[in-house]
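**Q** what's the 3D shape of this:
(one chain, ligands or ions: 1)
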Amino acid sequence: MSLKSEIERRRTFAIISHPDAGKTTLTEKLLLFGGAIHIAGAVKSNKIKKTATSDFMEIERQRGISVATSVMGFDYRDVKINILDTPGHKDFAEDTYRTLSAADSVIVVIDVAKGVEPQTEKLVEVCKMRKTPIIVFINKLDREGKDAFELLDEIEQKLDLKVKPLSWPIGMGHNFKGVYNLFEKKLFLYSKLDKQTIEEPKEIKDLASPEFDKFLGNSANKMREELELVETVYPKFEKGRYINSEIVPVFFGSALNNFGVKELLDCFLDIAPSPLPRHTDIRDISPYEDRFTGFVFKIHANMDPNHRDRIAFIKICSGIFKRNTNYLHTRLGKNLKFSSPTAFMAQKKSVIDEAYPGDIVGIHDTGNFKIGDTLSEGEKIQFKGIPSFSPEIFKYIENADPMKSKQLNKGIDQLMDEGVAQLFTRSFNGRKIIGTVGALQFEVIEYRLKHEYGATSRYESGDFYKACWITGDVKELKELKIKKYRAMATDKHGRDVYLAESPYSLQMVQENYKKLQFHFKSEF
Ligand code: G4P
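**A** As a prediction, the model looks like this:
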């Protein structure tokens, strides 16, 4: 198969949701349809949410699972599907944001009763920032929930997205009868199926047909009116507008009951983009270019404390990645080759000889990689779009065992490379501050420093509101550094960071230093 057809048959995407909306269930059902698993319940979800936050053994167990479920590849209808798993727990949102950098599109799952939830908003914001095409799946139609029109309004308002329903629910909860597929113009009737099996839904092609009345009884005419309204209220579906993330197709169903999942998958394969061009610091890279390029979006440390090796997950962006071939690590300026790159098919890891744009390969790493690192066939480029976000919780990290300061520094360094959290160093006293998006990370860091590096650490509260990166006028920056020296820090790369104590102090410096830019993500 040519490079072109290999690229065109790939769909690499992530499923995202607020916890409990049904992301894991939908992932599992897609794997079931794709034949990648044979029974429901086989996907051990990568979620820490239901456990006590301090249950470290559970965290370790989950870390193990998350290697296995990081990427789930399978073939369906001649299409190579790669589902990127994202952690469900909100404290790991930063991990999810990074994984989204490797996705060519996303499916957002929304609970019909709960509608748009806080985590949905945050995740969609990140997708919009990168212009990632989005499909929405409204789940749990077998339960009572919000009215479909109301829900679509909510999505438009809260997420600022333009929606286009491609399926429409007929009733819900006890009265859920099925969905009308506006994309294929077919009616699919719901029957509560055995959750383990996949059954072809019944199908009616013509809305005007008496069969429609036969199945829907009294509600047939109401449904016809509603569908007419849907066709007039919402814009026509155009694939190009979806790919440009100007319009969001919406599907309804019940993942748990296998309902609406096949339609979603079939339509997804038809409309979702194959790998798209990617931005670098120098130029855009088309996946169709002959020369290989890729970037690291995730690093997973070995669970065994005796082996400090890690797996770096690389998204292939162009050309063909080959085993045992020298590639340039553009940040280090050195050539590396990989003898056992692994691919993830149907939850199994296997060594591969080649991989194509859209694919994810796992590479054994002994400390060469950081999140965002680029590999190429020689060109000195750096892929963009993998920023760190301004953290929300800050703590000073102190060494609790003076004999182990080397181990502590090494541990902190490596955990930061993995992207577990962000490190800032206060300029006036050199104290180290860890910044995260969730409280759980602090426990993970302390635990891993102890168990993997033999270092004992202790935290002291760091009362900051935000860290932002600063660029702009040299003179103003110099002045800020003198006047606000207590609020100045550097990030891991030595860049200037302002640690604001409150929204008010941030607003004040922004007003007083008009020639400076304050960035809330590390890429600007
Ligand atoms: P998440 O990954 O987004 O966090 O959600 P997950 O799939 O784990 O689903 C959360 C809960 O919602 C699960 O129930 C799951 O069975 C249920 N669920 C998912 N899809 C549907 C659906 O279409 N209809 C209904 N009624 N429920 C659905 P749980 O009791 O929390 O977990 P479990 O014990 O069933 O695993």
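**Q** at which residues are the strands of the stretch 51-200 of the chain located?
**A** 71-76, 79-84, 105-111, 134-139, 163-165, 167-170, 178-181, 186-189 (DSSP state E, counting those that start in this stretch).
**Q** dihedrals phi and psi, residue 265?
**A** Per-residue torsions, residue 265: phi -60, psi -50 (degrees, to the nearest 10).
**Q** the ligand versus that one, what's the distance?
**A** Using C-beta to the nearest ligand atom, to the nearest Å, one obtains 15 Å as the distance from residue 265 to the ligand. Every residue, glycine included, has its C-beta placed from N, CA and C.
**Q** quick revisit: which among the strands of the stretch 51-200 of the chain is found nearest to residue 363?
**A** Among the strands of the stretch 51-200 of the chain, the nearest to residue 363 by C-beta to C-beta is strand 71-76 (12.9 Å).
**Q** next, the angle strand 79-84 makes with the closest one.
**A** For strand 71-76 against strand 79-84, the angle by axes from the mean of the first three to the mean of the last three C-alpha atoms, to 10 degrees is 160 degrees.
**Q** begin at 821 from here
**A** That works, and once the first residue is 821, the last one we named lands at strand 891-896.
**Q** wait, does strand 891-896 contact the ligand?
**A** No: Strand 891-896 does not reach the ligand (C-beta under 6 Å from any ligand atom); its nearest approach is 13.7 Å.
**Q** and that strand, what's its mean pLDDT?
**A** Taken as a whole, strand 891-896 has a mean pLDDT of 88.
**Q** which outside residues touch it?
**A** For strand 891-896, the surrounding residues in contact (C-beta atoms under 8 Å, 6 or more residues apart in numbering) are 847, 851, 853-856, 863, 900-905, 1085, 1089, 1133, 1163-1167, 1179-1180.
**Q** list buried members of the residues you listed by neighbour count.
**A** Neighbour-count burial (16 or more other C-beta atoms under 10 Å) applied to the contacts of strand 891-896 gives 847, 851, 853-854, 856, 863, 900-905, 1085, 1133, 1163-1167, 1179-1180.
**Q** how about the residues of this protein by the ligand?
**A** When proximity is defined as C-beta under 6 Å from any ligand atom, the chain approaches the ligand at 837, 839-845, 865, 867, 908, 959-960, 962-963, 1074-1077.
**Q** which ones among those map onto helices?
**A** Among these, the members found in helices (DSSP state H) are 843, 844, 845.
**Q** would you reformat those as TSV and include neighbour count and pLDDT?
**A** Shown next, in TSV, are those (neighbours: other C-beta atoms under 10 Å; pLDDT from 0 to 100):
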residue	neighbour count	pLDDT
843	26	91
844	22	87
845	26	90
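**Q** what's the closest of these to residue 1148?
**A** After measuring those against residue 1148 - C-beta to C-beta - the closest member comes out as residue 843, at 36.5 Å.
**Q** separation between the residue nearest to residue 898 when sequence neighbours are not counted and the ligand?
**A** Leaving aside its chain neighbours, residue 898 sits nearest to residue 829 (6.2 Å; criterion: C-beta to C-beta, 6 or more residues apart in numbering). To the ligand, residue 829 is 28 Å away according to C-beta to the nearest ligand atom.
**Q** just residue 1115 next, same as before
**A** Counting by C-beta to the nearest ligand atom, the gap from residue 1115 to the ligand is 27 Å.
**Q** residue 1176 too?
**A** Separation of residue 1176 from the ligand (C-beta to the nearest ligand atom): 29 Å.
**Q** any idea of the pLDDT on that residue?
**A** pLDDT at residue 1176 comes out at 97.
**Q** list the contacts of the closest residue to it other than its chain neighbours.
**A** Once flanking residues are discounted, residue 1176 sits nearest to residue 826: 4.3 Å by C-beta to C-beta, 6+ apart. Residue 826 is in contact with 900, 1176, 1177, counting by C-beta under 8 Å, 6+ apart.
**Q** residue 976 too?
**A** Residue 976 sits next to 982, 983 when contact means C-beta under 8 Å, 6+ apart.
**Q** any chance of TSV for the contacts of residue 826, columns distance to residue 1119?
**A** Formatted as TSV, those follow (distance: C-beta to C-beta, whole Å):
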residue	distance to residue 1119
900	24
1176	22
1177	21
